[in-house]
Structures are given as structure tokens and as C-alpha cells.
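Chemist: need a structure here:
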Amino acid sequence: MNYSDLTDSVIVLTKKTGLFLKSMTGKLNEGMIETKGQMDFVTDVDKQSEKQLLDGLAMILPEAGFIAEEGTYTHRGAVYNWIVDPLDGTTNFIHGVIPFSISIALMENEELVIGVIYDPIQDECFSAWKNGPAQLNGKTIRTSSRSSLSQALVATGFPYTDFSLVDAYMGSLRELMECTHGIRRLGSAAMDLAYIACGRYDAFWEYHLKPWDVAAGTLIIQQAGGQVSDFYGGQNYLFEKTFAATNGLIQIEFLSVLKKYF
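Modeler: The predicted structure is shown next:
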């Protein structure tokens, strides 16, 4: 399998779909928005974006199955599966706020081998493949060189459907506010991870994420020199409740804070 060529094909498809998202920005009406929960939405644009992506990915690698947020396709492949978020940051998109993004990963058996994240408004495409470089618009990127949490700019995502760990989350939020350069919340987990990969952020944590939120960003961070785990250092973060990522240099220190609360 030529992962580099596959990644190039995914980037072309992702940018094409990104143009569609950009063209629909600011054009939603209430009839195009479906409420899945108090703070959990899907729009007609999500569904159209997912169909475009999954139709295109099915042509790029016909034997692959899909793990996709909006469930347009349900087929699972024996070896290969695409993990797709057609619009990460739907709430941002609904309100005309940036960023939002497309996130696509390819899993071979249990291993991530391709990751692509595209911000159509800023025209920034982050990508990586197995044994290859992490890139931003074709140029190699690396995680930051900041070696202590006191120097770090940290990102997070607020709880929005599952409040079972909110007290623990608030404790970690307060401590990290006090011991870092600050906390940011973009509203797109995929973009948070992309920003760690290119050194803009140094760490990220959130609970109750889904595979399509983090799969592409995980590989991009790893190929850029960073580390990903659950809050306790475990490696089943794609399908478990907690997710943490850093530039690699502050992983142990960062997790030591999270473990106090979770």
C-alpha cells in the first residue's frame, strides 16, 4: 500500500469538499439544522459533506469500510476502514464562527496509517501517513520544543453531552489555568490536535470524544513528534472515554495533573 499517494488523493477530495463547506458558510436556515441534543447538532451540510467524502473515498480504496459520524455508510472493511468527520465544529458552523474542519483517517486493522485535517476557511491542510512526515500544506511540521507545563499553551473542549465527569474536569481546568500560559477552546477537536502538531499548542485534553474527532489528529501529532494517550497513559484512547495529547516533552507532567482529578 502506497500511503503517500493515498494521502495525496484524500487531500484532493478533502479540499474539494472543503470548497462546498466554505460556499455554504452563513447560508444555513433553521430547517437545515437537526438537534441531536441540547448542544449536539447535525445539519444538511454535514450530511451532504459526508456523502461527498464517503463516495469519493469508496472510489479511492474500494475495499475499505467506514466509521463515520453521520452514518451515511455503515459497511465495515475486513482490513481497511476510513474514520470520517465531515464537519468537525458543527456548532461553530451554525453560528458562523471559525474554525471548523474536515477530518479523515485510514485505519489498517488496528493501526492508523493516514490522517488528513482541512480547515477550508484558512485553507490549511494538515496531513501525515505511516512512516512519513507530518505536513501543513506540503511543508514538514513538528511539535513545539516547550519542555515544561509552565511554558505551555493548552487547548481543551468543554463537556457538551456528557456531564458525568464535569466536576473532575472543572478541577483540572482550574489547575491548568493557574500553571500554564493559558487555555484555549476552538470548538473543533480536530483543529486543536492539528495545532499541537504544528507547535501552536502544546497540550490538549477532553473527555467523551469519538474516533472521528481524534483519529486523523492522532496520527498527525505522532508523526510530528508528539504523544497521545488516555488520561492515564493508556493507548485505547480512540474508543475510550478520555483523550490527551501533547508535544511529547510535557506528556508525563500533563498527565500527572489530569490524574489528580479523573
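Chemist: surely Val166 meets Pro159?
Modeler: Yes: with contact defined as C-beta atoms under 8 Å, Val166 and Pro159 form a contacting pair (5.2 Å). Quick note: C-beta positions are derived from backbone N, CA and C, even for glycine.
Chemist: contacting residues around the spatially closest residue to Ser150 that is not a sequence neighbour?
Modeler: Among residues not flanking Ser150 along the chain, Cys179 sits closest, at 6.1 Å (C-beta to C-beta, 6 or more residues apart in numbering). Counting by C-beta atoms under 8 Å, 6 or more residues apart in numbering, Cys179 touches 149-150, 257.
Chemist: looking at Val166 and Pro159, which one has more neighbours?
Modeler: Set Val166 next to Pro159 and count neighbours by other C-beta atoms under 10 Å: Pro159 wins out with 16 against 13.
Chemist: may I have the phi/psi pair for the more buried one?
Modeler: Backbone torsions of Pro159, given as degrees, to the nearest 10, read phi -60, psi 140.
Chemist: repeat for His95
Modeler: phi -90, psi 0.
Chemist: kindly report the same for Pro211.
Modeler: phi -50, psi -40.
Chemist: pretty sure it contacts Ile83?
Modeler: Yes: proximity of Pro211 to Ile83 meets the contact threshold set by C-beta under 8 Å, at 5.2 Å.
Chemist: hey, what's in contact with both of those two?
Modeler: Ile67.
Chemist: helix, strand, or coil at the most centrally placed residue in the chain?
Modeler: With distances taken as C-alpha atoms, centre = their mean, Ala190 lies nearest the centre of the chain, 2.3 Å away. Under DSSP: H, G, I helix; E, B strand; the rest coil, the three-state class of Ala190 is helix.
Chemist: tell me how far it lies from Asp167.
Modeler: 27 Å (C-beta to C-beta, to the nearest Å).
Chemist: what does Leu238 give?
Modeler: Distance from Leu238 to Asp167, by C-beta to C-beta: 25 Å.
Chemist: quick one, which of these two is more surrounded?
Modeler: Per other C-beta under 10 Å, whichever of Leu238 and Asp167 has more neighbours is Leu238, with 22 against 9.
Chemist: pLDDT wise, what is that one at?
Modeler: Note on Leu238: pLDDT of 92.
Chemist: what do you get for Ile196?
Modeler: Among the per-residue scores, Ile196 shows a pLDDT of 98.
Chemist: ok, Glu30 next?
Modeler: For Glu30, the pLDDT comes out at 62.
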